[in-house]
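1. Sequence and computational prediction follow.
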Amino acid sequence: MNLDRLRALHAVSVHGSVAGAAEALHVTPSGVSQQLAKLERETGHRLLEPHGRGVRLTRAGHVLAGHAGRVLAQLSAARAELDGLREAAAGPVRIGAIIAVARTVLPDALAVLAERHPALSPTLRQGEADSVFPALERGDLDIAVVESWDTAPTPMPASVSRVPLSADLVDLALPAGHPLARRRSAGLDEPLGLPWAAWTAGTTCERQLVQTLREQGVEPDIACNVADYRAQLAFVSAGLAAALVPRLGRDPVPDGVVLLPTRPPIRQRVYAVWRTGEAGPAVEACVEALQAVSAGGSGGS
């Protein structure tokens, strides 16, 4: 049975006339009459009968109007409950993040969430874009934080939406005794006489370094693959490698390391991403907390 026709019958029951029902539903009396005639054909019962100058419900009409009232009340309760879900950030929210963000931004962002939305229960999973995006698309994560270098943009799946959180520079890390260490900046095409420390082999982060250097005519000799900028800087400090390290997540810089701006500059952008069309209250609350913390601690613009 059509819901609009049940609503018309219920309105006649409540307001006592077709005209009253039409006024309450903001339609014409003839529109209400047409709906009721179709409902009678659907049910196989006569629902109205003449009464004086108007009409009244038959016994079948009263029975169906009672059911219609309960159906409409249940739908109203469902809408109210759904509206409450839209307005309240509560329950579990699963977050994925690169290690630099997990170490520097997420602790403060989760503290903001706890203060603003105590009914949320966030959990954190560290990972790179290579693992985070599939997990997001499968529904294993609700929101993720990923990075993208201008020189080697991270491919974003068509199924996700994103907002920028921060942008900062990527510097060249050299041992303090390196011949270029006293420069104010260094060209990426200059011979360094050192191998490179890079992220885990085959990942987006390693590809960012390789693609950036290849665009400058340099084929990098990678001697160290380790998924942590702090660990890469330890190898630089020991005089074993050079590295390209974003300003986000590298502090503290160990003794024996010099950081130089690059020519051309390399910029890293950090984004919050989620499945398109599924930015519910919990995801929105996470984005707001990440934006608040990132705005206060962005490494550069």
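-> Alright, I've got the coordinates. What you see is a predicted model; the values in this text were computed from it and never measured.
2. alpha carbons only for contacts and neighbour counts from here, please
-> Will do.
3. what sits against the nearest residue to L194 once chain neighbours are set aside?
-> Using CA to CA, 6 or more residues apart in numbering and skipping the chain neighbours, the partner closest in space to L194 is A241 (5.5 Å). The contact partners of A241, by CA atoms under 8 Å, 6 or more residues apart in numbering, come to 174-175, 194-197, 223-224, 235.
4. And for P164?
-> 269-272.
5. For R7, state which of those residues is nearest.
-> Taking CA to CA as the measure, R7 lies nearest A272 of those, at 43.9 Å.
6. who does the closest one bridge with?
-> V145, V163 (DSSP bridges).
7. In TSV, list the contacts of P164 along with neighbour count and distance to E40.
-> TSV is the format used below for the contacts of P164 (neighbours: other CA atoms under 10 Å; distance: CA to CA, whole Å):
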residue	neighbour count	distance to E40
R269	20	63
V270	22	61
Y271	20	57
A272	24	54
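8. okay, among these, which ones form the most distant pair?
-> Top of the distance list for the contacts of P164 (CA to CA): R269 and A272, 10.4 Å.
9. Find residues that contact each of these two.
-> With CA under 8 Å, 6+ apart as the test, R269 and A272 both reach 164-165.
10. how about stretch 184-194: buried residues?
-> Within stretch 184-194, the residues scored as buried using 16 or more other CA atoms under 10 Å are 185-186, 188-189, 194.
11. Tell me which of those residues fall in strands.
-> A186 (DSSP state E).
12. can you put the buried residues of stretch 184-194 in TSV and add distance to I95 and pLDDT?
-> Formatted as TSV, those follow (distance: CA to CA, whole Å; pLDDT from 0 to 100):
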residue	distance to I95	pLDDT
S185	37	94
A186	37	94
L188	35	91
D189	38	92
L194	37	95
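13. what's downstream of the longest helix anywhere in the chain, the next helix or strand?
-> The residue-count maximum for a helix in the chain (DSSP state H) belongs to helix 59-87. Using DSSP states H and E, the helix or strand that follows helix 59-87 in sequence is strand 91-97.
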